[in-house]
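Enquirer: return atomic coordinates for the entry below.
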Amino acid sequence: MFIMGYLLMAVAKVLDFVLLIFMWVVIARALLSWVNPDPFNPIVRFIHNITEPVLYPIRTKLPVGFSGIDLSPIIVFLCVIFLRTFIVSSLFRLSSTLL
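Expert: Here you go, the predicted model:
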């Protein structure tokens, strides 16, 4: 059973790393929205293409409040924190019981 424990530990570490990187990309997207960058820049396009599928459904359901401030990055940020805390910690705990 120790192989399953190590497999779950590896999945938890990779998932934690991916969620952490995505959290930083969402922060970069929020910062880019303040400065109005060149839309043809490859980095700006990459950040936009990665975050838009997650941010768009939240924007459609969440009304724009507080004088036009977009709250969808904050919602995504909180969801990523929840996933890192709940799912990754649960996978680590499960993997430790299998070792």
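Enquirer: could you give the average pLDDT over whichever strand or helix holds L20?
Expert: Using DSSP states H and E, L20 maps to helix 2-35. Mean pLDDT, helix 2-35: 92.
Enquirer: can you list the helices and strands that it packs against?
Expert: helix 42-61, helix 72-83, helix 89-98 (3 or more C-beta pairs under 8 Å, 6 or more residues apart in numbering; DSSP states H and E). From N, CA and C alone the C-beta is placed, and that goes for glycine too.
Enquirer: V18: which of those is closest?
Expert: In terms of C-beta to C-beta, the element of these nearest to V18 is helix 72-83, at 9.9 Å.
Enquirer: what about T51, how many residues nearby?
Expert: Residues near T51, counting by other C-beta atoms under 10 Å, number 20.
Enquirer: so that it lines up with my notes, have the first residue be 17 from now on.
Expert: Got it, first residue is 17 now, which makes that one T67.
Enquirer: for it, give me the pLDDT.
Expert: 94.
Enquirer: my guess is it contacts I43, does it?
Expert: No. T67 is not in contact with I43 according to C-beta atoms under 8 Å; the separation is 10.0 Å.
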